[in-house]
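# after the sequence you'll find the predicted model.
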Amino acid sequence: MSTATLVPETRDLSGDDAWATLRRTGRRRLLVDAFLRMRVADGFSHARSLAYMTTLAAVQGVIALVGLAGVVGGSGFSTVVGATVRAAVPGPAGQALTAAVAHAHSTGAQHRWPALVFGTIGTLVTATTAFGQLERALNRLYGVEQDRPTVQKYGRAFVLALTAGSATALAFVSLALGKDLLVHAASGTLSTLWNGGRWALGIVLVGAAVTVMLRECPRRRQPRFSWLAFGAGLAVAGTVIVTVVLGLFFRTSSSFGQTYGPLAGTVALLLWTLLSSMVVLFGAAVAAQLEAVRSGASEPQDQEKVAESEPGQQPGQHTGEARADERGVRAAS
């Protein structure tokens, strides 16, 4: 059960209001309160569910891409997909997905259509489910207890999977491939421009995707993009840091592969998606807490919900409040 305080909806607030609130609150205080909001909203459990669905979507998406390469009759695309996976996903996790690429490409031509069809369907279903899970997680962070009706919830999740999900995938492609992306299609000036601008493009795509998720997923009227910018920026930066740190760890650690053996790739992929999901939800918690401070509901945890969830407690009376009342009675006597 989420005990996060409901964040009142704010209207017609400008970017100047957002930065003024941030300066008045202080970054350290905001981050601490946002972590508490995420914890009392059961954000870590939601992150685990989101990580699981993201892992399934990643594996099936790779199978669909390789099936597409087989249908169009070119092996170069499969090579590019493999290079993308190895560069974009840390260490053993990339090896696990690359093995899926090799298996799909090694099948006969008659088996490539099923790889494309089932991989595409599986990717859409799991990605839609992941965005449905993201809506539930963000609702709880904002203190909203009810998700949208089923048709509205998953209809919106499907659209977000096609838009924000695709933007995220393209961002990782642009950040991971480098020269390999255009090596077979272009050279000279175009290749130079791509190599110089792909980092900026990738960061912009990730930032836009995360901001759209924060704005469209919760079941409430969200504020302007400027109010989500700080939380979205933390989510993007956290995802990049997680990827780089895990990549360095997997490349330098010899004991990880020896410990987990053939399961190392699966464990690494799940770890990567879990930590990435956590930092994305933490960024959302920061955005929610910033708006909560501006609307006067700065306490991350709703004490009435806590009292209702504790046997013997009356709604509206927290344990700390009961002790304060008891001290007042003793003083009066």
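Thanks, I have it. Nothing here was measured: the structure is a model prediction, and the numbers come from that model.

# need the helices for the stretch 151-300 of the chain, in chain order.
With DSSP state H, counting those that start in this stretch as the criterion, the stretch 151-300 of the chain has helices at 189-216, 225-252, 255-260, 264-294.

# can I get those in TSV with mean neighbour count?
From N, CA and C alone the C-beta is placed, and that goes for glycine too. Listed next are the helices of the stretch 151-300 of the chain as TSV, based on neighbours: other Cβ atoms under 10 Å:
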stretch	mean neighbour count
helix 189-216	17
helix 225-252	18
helix 255-260	12
helix 264-294	24
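
# tell me which of those approaches Arg37 most closely.
helix 264-294 (4.9 Å; Cβ to Cβ).

# and the angle for the closest one with helix 189-216?
60 degrees (axes from the mean of the first three to the mean of the last three Cα atoms, to 10 degrees).

# before we move on, back to that, how about CSV for the helices of the stretch 151-300 of the chain, with distance to Glu9 and mean pLDDT added?
Shown next, in CSV, are those (distance: least, Cβ to Cβ, whole Å; pLDDT from 0 to 100):
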stretch, distance to Glu9, mean pLDDT
helix 189-216, 13, 80
helix 225-252, 11, 83
helix 255-260, 46, 74
helix 264-294, 8, 88
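
# select, out of those helices, the one closest to Pro8.
helix 264-294 (7.8 Å).

# next, the buried residues of the very next helix or strand once past that closest one.
Using DSSP states H and E, the next helix or strand after helix 264-294 towards the C-terminus is helix 303-309. Using 16 or more other Cβ atoms under 10 Å as the burial criterion, the residues of helix 303-309 that qualify are 303-307.

# okay, Val159: pLDDT?
We have a pLDDT of 95 for Val159.

# meant to ask about Ala130
94.

# just Ala102 next, same as before
With respect to pLDDT, Ala102 scores 62.

# now, which of the buried residues of helix 303-309 sits nearest Ala285?
Distances from Ala285 to the buried residues of helix 303-309, taken by Cβ to Cβ, are shortest for Lys305, at 16.8 Å.

# state the distance from the closest one to Ser2.
Distance of Lys305 to Ser2, given as Cβ to Cβ, to the nearest Å: 8 Å.

# ditto for Val267
Counting by Cβ to Cβ - Val267 and Ser2 are separated by 29 Å.

# cool, Gly197 as well?
Distance from Gly197 to Ser2, by Cβ to Cβ: 42 Å.

# I'd like to know how many residues surround the nearest residue to Ala130 once chain neighbours are set aside.
Excluding its sequence neighbours, the residue lying closest to Ala130 (Cβ to Cβ, 6 or more residues apart in numbering) is Met53, at 3.7 Å. A count of nearby residues for Met53, using other Cβ atoms under 10 Å, gives 21.

# equivalent analysis for Leu68, please.
Leu68 has 18 neighbours, counted by other Cβ under 10 Å.

# pretty sure the residue nearest to Ala130 sits against Leu134.
No: at 9.0 Å, Met53 does not count as touching Leu134 under the criterion of Cβ atoms under 8 Å.
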